[in-house]
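*Asks:* take a look and give me a structure for this.
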Amino acid sequence: MAKLKNGGWVLVADGEKALFLINDGDENNLDLRVIRKDEQENPSTREQGANRPGSVQSSAGHDVSAMDDTDWHELAKERFAVDLADLLYSRAHAGRFDQLVIVAAPQILGVLRASMHSTVSGKVLTEIPKHLTNQPLDKIEKQVAAAVAEAA
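*Replies:* Sure, this is the predicted structure:
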């Protein structure tokens, strides 16, 4: 029956913002405190893209098809998640945490999972596929407490 112990970490992330929280309470009464906050500027693709989408002419025939423009906004979100996974690895490798709960928007959670080193994934108690970065700490605490209790 795993519970989030004192000193356990919670990562709350979306593609542009991440909160690193530590449980300053005990297993039964979480008291999450912010220990680090990361944010990235991520303008919309429209603001980041310099060119209009290109086109390709078929080698056989006269067909021309449009190429999709790169979604720079989504790429930046994914890159941010990969950077978070790297940061978690360096902190886990340094022994900064033994337990981790990840609360992330579903797409970001998928990128984190795929990028996460086994050193980190072995410390994960549970994952919560929700977008909570702009929620107050007390609401995050309730969500984490419920998810940890359910996972136990």
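*Asks:* quick one: contacts for residue 123?
*Replies:* For residue 123, the contact set (C-beta atoms under 8 Å, 6 or more residues apart in numbering) comprises 92, 97, 98, 99, 100. Any C-beta I mention is one placed from the backbone N, CA and C, and that applies to glycine too.
*Asks:* so which of the residues you listed belong to helices?
*Replies:* residue 92 (DSSP state H).
*Asks:* for the contacts of residue 123, which single residue is the most surrounded?
*Replies:* Among these, the one with the most neighbours (other C-beta atoms under 10 Å) is residue 100, at 23 neighbours.
*Asks:* how far away is that one from residue 115?
*Replies:* Distance, residue 100 to residue 115, by C-beta to C-beta, to the nearest Å: 14 Å.
*Asks:* with residue 28 instead?
*Replies:* 33 Å.
*Asks:* not counting its neighbours along the chain, what's nearest residue 98?
*Replies:* In space, and not counting its chain neighbours, residue 98 is closest to residue 123: 6.1 Å by C-beta to C-beta, 6 or more residues apart in numbering.
*Asks:* ok so, going back, so between residue 28 and residue 115, which is more surrounded?
*Replies:* The neighbour comparison of residue 28 against residue 115 (other C-beta under 10 Å) goes to residue 115, with 17 against 9.
*Asks:* ok, that one - contacts?
*Replies:* 81, 82, 85, 86.
*Asks:* quick one: the helices in this protein?
*Replies:* Counting by DSSP H, the segments of the chain that form helices are 45-48, 72-93, 106-115, 118-121, 137-151.
*Asks:* report the distance from the fourth one to the chain centre.
*Replies:* When C-alpha coordinates are averaged (C-alpha atoms, centre = their mean, to the nearest Å), helix 118-121 and its chain have centres 15 Å apart.
*Asks:* what lies in contact with that helix?
*Replies:* Helix 118-121 is touched from outside by 85, 88, 89, 92, 93, 100, 113, with contacts defined as C-beta under 8 Å, 6+ apart.
*Asks:* change it to 10 Å
*Replies:* 11, 85-93, 97, 100, 102, 112-113 (C-beta atoms under 10 Å, 6 or more residues apart in numbering).
*Asks:* thinking residue 107 is in contact with residue 80, fair?
*Replies:* No. Using C-beta atoms under 10 Å, residue 107 is not in contact with residue 80, being 11.3 Å away.
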